[in-house]
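**Q** Only the shape, not the letters, is given here:
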Ligand SMILES: NC(=O)Nc1ccc2c(c1)=C(Cc1cc(-c3cccc(C(=O)NCCN4CCCCC4)c3)c[nH]1)C(=O)N=2
């Protein structure tokens, strides 16, 4: 079967711009199917030594098959570009809806936080830490179900040279407002770092802004390592309790830490009361009010 190239697609609007990539809507000229093509400039990624991030994205996404994670169909390249064919989520980024609505009610917050947690649980089971979870990387499909994207800074946990399972990933990544204290202090992320980001996203869904936001990155980092944040008036107590148990400086003491048992405890928090985890992806999304 002849491998498809960029000429087989009719390119549409730009869906996103990263420092090393542009994501463009694309329609397959033969099937009419819509995709998102992530286009990376070869010269640029080689010059900026980012080739490893492209391989990380390909290797992590190729390992995943989950309704809450964006699908990678295939990759192709021409003289100048590397192209990654990905799922097109019609409703774009969760961040757009947070900005548009200001904040989500408790029912919508619970629904979206549950879907994000289910996707995190799955990727951790595959030995993958995302490390850059944030509302820009949580996409919404036409059913308003989530699809986590951007695994370019993910980490596949495996055996280190001594043959022990390494559960820490050593390289600085992440976006200031959502980066965990252990990544700032020890430059080492772990699965629990994704639960820190979940706490930041949960807070933001209700408050309409992230918990840690300084005038610049350094000020934001200071707020994080000193756990310097407050809840706005009217923040629902059950959500406040969960945020406090996720935004814990010591990753080992964070709710969700400690493998499958930890995730079980997290999913049993009263905030998730009433969530049907087994049919989550079949349930219609609540109307965003
Ligand atoms: N870094 C990455 O890997 N980025 C990626 C990867 C894959 C991917 C990706 C990003 C996508 C981003 C995306 C962006 C958009 C989008 C951008 C701009 C506008 C809209 C849009 O308005 N959609 C219609 C629905 N709107 C939503 C907001 C309220 C009004 C109605 C969607 C749709 N999908 C995508 O669909 N698939």
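**A** Thanks, I have the structure now. Everything numeric in this text was worked out from a predicted model, so none of it was measured.
**Q** what about the residue nearest the centre of the chain, distance to residue 26?
**A** Central residue of the chain (CA atoms, centre = their mean): residue 133, 3.3 Å from the mean position. Taking CB to CB, to the nearest Å as the measure, residue 133 falls 26 Å from residue 26. Any C-beta I mention is one placed from the backbone N, CA and C, and that applies to glycine too.
**Q** any idea whether the closest residue to residue 104 other than its chain neighbours is helix, strand or coil?
**A** Excluding the flanking residues, the one nearest residue 104 by CB to CB, 6 or more residues apart in numbering is residue 205, at 4.6 Å. Secondary structure, DSSP: H, G, I helix; E, B strand; the rest coil: residue 205 is helix.
**Q** Spit out the contact partners of residue 205.
**A** Going by CB atoms under 8 Å, 6 or more residues apart in numbering, residue 205 touches 98, 103-104, 108-109, 112-113.
**Q** Quick check: the gap between the residue in the stretch 51-200 of the chain that the ligand sits nearest to and residue 46.
**A** The ligand sits closest to residue 92 of the stretch 51-200 of the chain, with a gap of 3.0 Å, by CB to the nearest ligand atom. Separation of residue 92 from residue 46 (CB to CB): 30 Å.
**Q** Comparing the two, which shows the higher neighbour count?
**A** Neighbour count, other CB atoms under 10 Å: between residue 92 and residue 46, residue 92 has more, with 15 against 10.
**Q** Am I right that the more buried one is in contact with residue 15?
**A** Yes - using CB atoms under 8 Å, residue 92 makes contact with residue 15 at a distance of 7.3 Å.
**Q** Could you pull out the buried residues of stretch 30-40?
**A** Of all the residues in stretch 30-40, those buried under the rule 16 or more other CB atoms under 10 Å are 35-40.
**Q** Tell me the one among those residues nearest to residue 235.
**A** Closest approach between the buried residues of stretch 30-40 and residue 235, by CB to CB: residue 36, at 34.7 Å.
**Q** Mind pulling up the pLDDT for the closest one?
**A** Confidence at residue 36, expressed as pLDDT, is 98.
**Q** tally of neighbours for the closest residue to residue 129 other than its chain neighbours?
**A** Nearest residue to residue 129, sequence neighbours excluded (CB to CB, 6+ apart): residue 155, at 4.7 Å. As a burial measure, residue 155 scores 23 neighbours (other CB under 10 Å).
**Q** Looking at the contacts of residue 205, spot the one nearest residue 148.
**A** Nearest member of these to residue 148, counting by CB to CB, is residue 112, at 11.7 Å.
**Q** Contact partners for the closest one?
**A** Shown in contact with residue 112 (CB under 8 Å, 6+ apart): 94, 104, 138, 146, 205.
**Q** Let's have these in CSV, adding pLDDT and secondary structure.
**A** Shown next, in CSV, are these (pLDDT from 0 to 100; DSSP: H, G, I helix; E, B strand; the rest coil):
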residue, pLDDT, secondary structure
94, 98, helix
104, 97, coil
138, 98, strand
146, 98, strand
205, 98, helix
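**Q** Just the buried ones from those residues?
**A** Buried members of those, scored by 16+ other CB under 10 Å, are 94, 104, 138, 146, 205.
**Q** Quick check: residues of the stretch 51-200 of the chain near the ligand?
**A** 70, 86-89, 91-92, 96, 100, 139, 149-150 (CB under 6 Å from any ligand atom).
**Q** Just the residues you listed: which are in strands?
**A** 86, 139 (DSSP state E).
**Q** Next, give me the two most distant ones among the residues of the stretch 51-200 of the chain next to the ligand.
**A** The distance between the two most remote of those (CB to CB) is 23.8 Å, for 86 and 100.
**Q** Which of the two has more residues huddled nearby?
**A** Neighbours per residue (other CB under 10 Å) separate residue 86 from residue 100, with residue 86 holding more: 25 against 8.
**Q** quick revisit: filter the buried residues of stretch 30-40 down to the ones close to the ligand.
**A** 36, 38.
**Q** So the nearest residue to residue 38 once chain neighbours are set aside: helix, strand or coil?
**A** Spatial nearest neighbour of residue 38, excluding adjacent residues (CB to CB, 6+ apart): residue 84 at 4.3 Å. When classified by three-state DSSP, residue 84 comes out as strand.
**Q** Pull the number of nearby residues for residue 84.
**A** 23.
**Q** and it, what are its bridge partners?
**A** On the basis of DSSP bridges, residue 84 is bridged to residue 38, residue 75.
**Q** any idea of the pLDDT on it?
**A** pLDDT for residue 84: 96.
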